[in-house]
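Chemist: Below are the sequence and a predicted model for it; my questions follow.
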Amino acid sequence: MGNQVFYSSLMMATGIGIPIMATLSGTLGARYGSSALAASILFTVALLLSVAYLFAVEGGLKPFPKMALPFYFYLGGVFVAFYVLSITWVAPKFGVGNAVAFVLLGQLLSMATIDQFGLLGAPIHAITPQRAIGLILMAAGVFLAVRRG
């Protein structure tokens, strides 16, 4: 139970950070006139922090495991770049709330599909009727949150 509370709290803090990051990166991109420059600055800061964490918390580099992983397991960075570039470009034009709400909708669809079929090695968590209702309510909430009028 303790880990669940910790993990839930950590992921909630991460979720809180997404609109803040969208606002900061969107403003940075708008002020510099380049979403790519803003993303590059963000990635540089992220790289420095990741390397600092690697050495300070995890004790530095360790030998890579001998097992070979399929190439697609290394493509997470493509999705990170896509997210940062798109949110940096779209948020100032579409609104942070709208942009993040549709990111959330995409996350709901993707996580339900990955969990249902155990894609990319994830454990299977079937979509039960209760879970389906929750997903529908969350999706409806996204549309209500962005609706104007």
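Modeler: Happy to help now that I have it.
Chemist: use CA for all of it now, contacts and neighbours both
Modeler: Will do.
Chemist: Where does the prediction get shaky in the chain?
Modeler: 149 (pLDDT under 70).
Chemist: mind listing what's buried in the longest helix along it?
Modeler: Longest helix in the chain by number of residues (criterion: DSSP state H): helix 2-32. Buried residues in helix 2-32, counted by 16 or more other Cα atoms under 10 Å: Pro19, Met21, Ala22, Thr23, Leu24, Ser25, Gly26, Thr27, Leu28, Gly29, Ala30.
Chemist: Mind putting those residues into a markdown table with distance to Tyr53?
Modeler: Listed next are the buried residues of helix 2-32 as a markdown table, based on distance: Cα to Cα, whole Å:
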| residue | distance to Tyr53 |
| --- | --- |
| Pro19 | 23 |
| Met21 | 20 |
| Ala22 | 23 |
| Thr23 | 25 |
| Leu24 | 22 |
| Ser25 | 22 |
| Gly26 | 26 |
| Thr27 | 27 |
| Leu28 | 25 |
| Gly29 | 27 |
| Ala30 | 30 |
